[in-house]
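Trainee: based on what follows, work out the 3D shape:
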Amino acid sequence: MQRRGFLKAGAGLAAFGAGRTLAAPILSAGNFGLTPARAARRNGWIEVDAGAFEANIDAVRQWTGGTRLCAVMKADAYGNGIALLIPSILRKRVTDVAITSNDEARVARQLGFRGRLIRIRTATPEEMEDGFAHGITELIANPIAAERLQALWQARKPKGPLAVHLALNAGGMSRNGVELSSLYGQADARALLALKGLRMTGAMTHYPSEEAADILGQLRRFQDDLRWLAATGLDTRPLLRHTANTFATLEHPETRLDMVRVGGAIYGDPGSTKTDRFRPTMAIKSRVAAVNHYPAGQTVNYDRTYRLDRESWLANIPIGYSDGYRRGFSHANRPEFEAESRNRTEVLIGGRRFPVVGRVTMNTMMADVTGWQDKVRLDDEVVLFGAQGAERITQAEFERNGSVYGPEALTVMGATLPRVLKAR
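Mentor: Predicted structure coming up:
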């Protein structure tokens, strides 16, 4: 089964209270002045491993034999914080970065990135106009939107046309690209080619599935589309051709063409590819706010979903779904809450695993530390995702217990919790 489509039973519960989703958070090139010491004084924080990020870039380059890499840093670097990782991009001499928001582009430029910034989604006219200051290469496919972009660009009385990349629907996403299999799409493409204020310097598509036959079939469509464009008058020889996302990059060398767009793998998530060559970059942490004693028979948190079957000591952890730690991570032991009974969510304290019990609430969750109540102490570090000692809460178990696609949860938590670099 494809990883993106794994959500089944319990998905509705997981979606409820999933936290806020910020498509374009306000970003700071200075990370708002946060230091590890200041972040650790909060109820929760994210620790980002720049060393792992750089090692993952090296691993991608080794895997692909040095194919040009576009580091995908959309969604504020997949929740890791673009401000924390652009210095690594500079150290590793990455020449192409994919973004989606103007804030991401602004931060990249402020921190010294002078390479190509590609926006890998369709932007509004206002976004495109504001993006001129950051030298963003926009995707175009819709002639009305492209005409507006041309008008906005020419109003600045530039010295030449604006470089853009043409998005093709050859992959079948039906999202950003022009569909050249239809007469309607062909008419759109001719209208795009007629815009003299825009200069096409690249062409791309995106694959919606991880099925080999589908990917390779859509790659052939992409090549057919380029031949059609050439026959219609576009000189396709100088175009930068890019189709490969992380999965295609790792599994299908044919798709790499002139450049690969890799997101997940550089943050330690190779998706469905079975490999241990990529190291996770993110750890999500909190602290023990209290260790409380409760008698057998008492219930934990809302709706009494978990009943204590013994005298228990519970660690109060001050983080919840308002911080992005989803309600779907709740664990029940009563039969009427079947969906939550299947979860086996755990956290790490002192390098040991402890089970989450009861509902994850808006601001608080509970972990059962019975038997270790004399060793788990006030203010001990708690790891909800990532490593502590020899143990690790992996992305696979995070997804399984939360009934959530990992990047969905991690990008939301990255937009909610403060982030700091791990000490090297």
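
Trainee: just the strands in the stretch 301-424 of the chain please.
Mentor: 306-307, 312-317, 346-349, 352-357, 365-368, 381-388, 391-393, 419-421 (DSSP state E, counting those that start in this stretch).

Trainee: list the buried residues of the host helix or strand of Gly185.
Mentor: Assigned by DSSP states H and E, Gly185 belongs to helix 183-193. Under the neighbour-count criterion of 16 or more other CB atoms under 10 Å, helix 183-193 has Gly185, Gln186, Asp188, Ala189, Leu192, Leu193 buried. No exception for glycine: its C-beta is placed from N, CA and C like everyone else's.

Trainee: can you classify the residue nearest to the last one when sequence neighbours are not counted as helix, strand or coil?
Mentor: With CB to CB, 6 or more residues apart in numbering as the measure, Leu234 is the residue that lies nearest to Leu193, at 5.7 Å, once sequence neighbours are left out. Here Leu234 is coil, with the state taken from DSSP: H, G, I helix; E, B strand; the rest coil.

Trainee: I'd like to know how far Gly389 sits from Gly350.
Mentor: 8 Å (CB to CB, to the nearest Å).

Trainee: any idea how far Ile376 is from Pro355?
Mentor: One thing to correct before we go on: residue 376 is Val, not Ile. Distance from Val376 to Pro355, by CB to CB: 13 Å.

Trainee: what about those two, which has more around it?
Mentor: Neighbour count, other CB atoms under 10 Å: between Val376 and Pro355, Val376 has more, with 20 against 17.

Trainee: okay but the more buried one is in contact with Val369, surely?
Mentor: Yes. Using CB atoms under 8 Å, Val376 is in contact with Val369, at 4.4 Å.

Trainee: residues shared between the contacts of these two?
Mentor: Contact criterion CB atoms under 8 Å, 6 or more residues apart in numbering; residues shared by Val376 and Val369: Val291, Trp313, Ala315, Ile349, Phe354.

Trainee: state the phi and psi torsions of the residue nearest the centre of the chain.
Mentor: Residue closest to the average C-alpha location in the chain (CA atoms, centre = their mean): Tyr78, at 3.0 Å. Here is the backbone geometry of Tyr78 (degrees, to the nearest 10): phi 60, psi 30.

Trainee: show the contacting residues for it.
Mentor: Val72, Gly263, Gly264, Tyr267, Pro407, Leu410, Thr411, Gly414.

Trainee: just give me the closest of the residues you listed to Asn31.
Mentor: Nearest to Asn31 out of the contacts of Tyr78 is Gly414 (CB to CB; 12.2 Å).

Trainee: about what we covered before: who has more neighbours, Gly389 and Gly350?
Mentor: More crowded of Gly389 and Gly350, by other CB under 10 Å: Gly350, with 17 against 10.
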